[in-house]
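K.L.:
I would like to see how this sequence folds:
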Amino acid sequence: MLDLGIIITNYNTRDLLRACLRSVYASDGDFTYAVCVVDNASSDGSAAMVADEFPQAHLIANRENVGYPQANNQGLRYFGFADRPQDARPAVRFALLLNPDTELPPEALARMLDFMAAHPDAGVAGPKLLLPDGSLDLACRRSFPTPAVSFYRLAGLARLFPRSRRFARYNLTYLDPDQVAEVDSVVGAFMLVRAEAVVQAGLMDEQFFMYGEDLDWAYRIKEAGWRVYYNPAVTVLHVKRASSRHSPRAQVEFYRAMDIFYRKHYAAQTPRWAHWLIVGTIAALIRWKRWRARLEQ
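P.N.:
This next block holds a predicted model:
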């Protein structure tokens, strides 16, 4: 059994994918791993580049863009996880979802695996992600977007009061970015998941296309009794939105994901008046983003 199965879902980020794979294969440490690249019908030669330059990686070249969670599920199935959890026969101890717009320092994988070994209650862990300008990628540690948390974010209160434990819960900006913290979710750009947690929670929800699926997965993993940790002792570069900026669906999908997550996890316990306010607001945002996308075409 391998220690680590790395799944990289790619869409039109050939040069960043090359740099990511080079950093993965330059990793140091006493552990075994394999890489599965799932290319979502890129038009920039990404799949050919992987086949030519990284033949040691398993390549799945989709004929259409099936979305982020479905592509990651293809990689998870390659490593032995199954649609029905009871049928899973994982060939790895840990699965890592890794975006192609990340670059790893040589010790990153070994140190994250050491962290998981030191925290046997951890179902999921993620590192400190830094943007190219050196600032923190706020998505690398988050709370779940409950109706209240989402309202504070959309209303701008989280930005106005970044140190408030009430208003800044979505991105947890009141926490020290250099301290280990138990959080609700890390981001799918680097999401290290224990195989037992995947078996219990199942694969990613393919209702999502992009955005929200990592939050949903963390939610279900936590429901299964596992904890989620942010580990800033490991730092990883994240270019951020390198794939989504090529997709006109991206902004629409952000709000559609919000709608799916809300209906799946919170709608049942939300008062009817608040429910219709929430779904109406999300629907209006989706229509606005679609209108903006048409203007920009």
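K.L.:
assign the closest residue to residue 79 other than its chain neighbours to helix, strand or coil.
P.N.:
Take residue 79 and drop its neighbours on the chain: the residue closest to it by Cβ to Cβ, 6 or more residues apart in numbering is residue 5, 3.8 Å away. Bear in mind the C-beta positions are built from the backbone N, C-alpha and C, glycine included. Secondary structure, DSSP: H, G, I helix; E, B strand; the rest coil: residue 5 is strand.
K.L.:
bridge partners for residue 5, pull those for me.
P.N.:
Bridge pairing for residue 5 (DSSP bridges) gives the partners residue 34, residue 95.
K.L.:
help me confirm that it comes into contact with residue 32.
P.N.:
No: Residue 5 lies out of contact with residue 32 (Cβ atoms under 8 Å); the separation is 10.0 Å.
K.L.:
residues contacting residue 80?
P.N.:
Residues counted as contacts of residue 80 (Cβ atoms under 8 Å, 6 or more residues apart in numbering) are 88, 89, 90, 91, 92.
K.L.:
pLDDT value on it, please?
P.N.:
Note on residue 80: pLDDT of 96.
K.L.:
for residue 284, see how far away it is.
P.N.:
43 Å (Cβ to Cβ, to the nearest Å).
K.L.:
likewise residue 193?
P.N.:
35 Å.
K.L.:
these two: which has the busier surroundings?
P.N.:
More crowded of residue 193 and residue 284, by other Cβ atoms under 10 Å: residue 193, with 27 against 11.
K.L.:
pretty sure the more buried one sits in a helix.
P.N.:
No: counting by three-state DSSP, residue 193 is not found in a helix; it is strand.
K.L.:
please name the bridge partners of it.
P.N.:
Bridge pairing for residue 193 - DSSP bridges - gives residue 95, residue 124.
K.L.:
correct me if wrong: it contacts residue 124.
P.N.:
Yes: between residue 193 and residue 124 there is a contact under Cβ under 8 Å: 5.2 Å.
K.L.:
give me the common contacts of these two.
P.N.:
217, 221.
K.L.:
what's in contact with stretch 257-277?
P.N.:
By Cβ under 8 Å, 6+ apart, the residues outside stretch 257-277 that reach it are 144-147, 150, 205, 207-213, 215-216, 219, 278-279, 282-283, 286.
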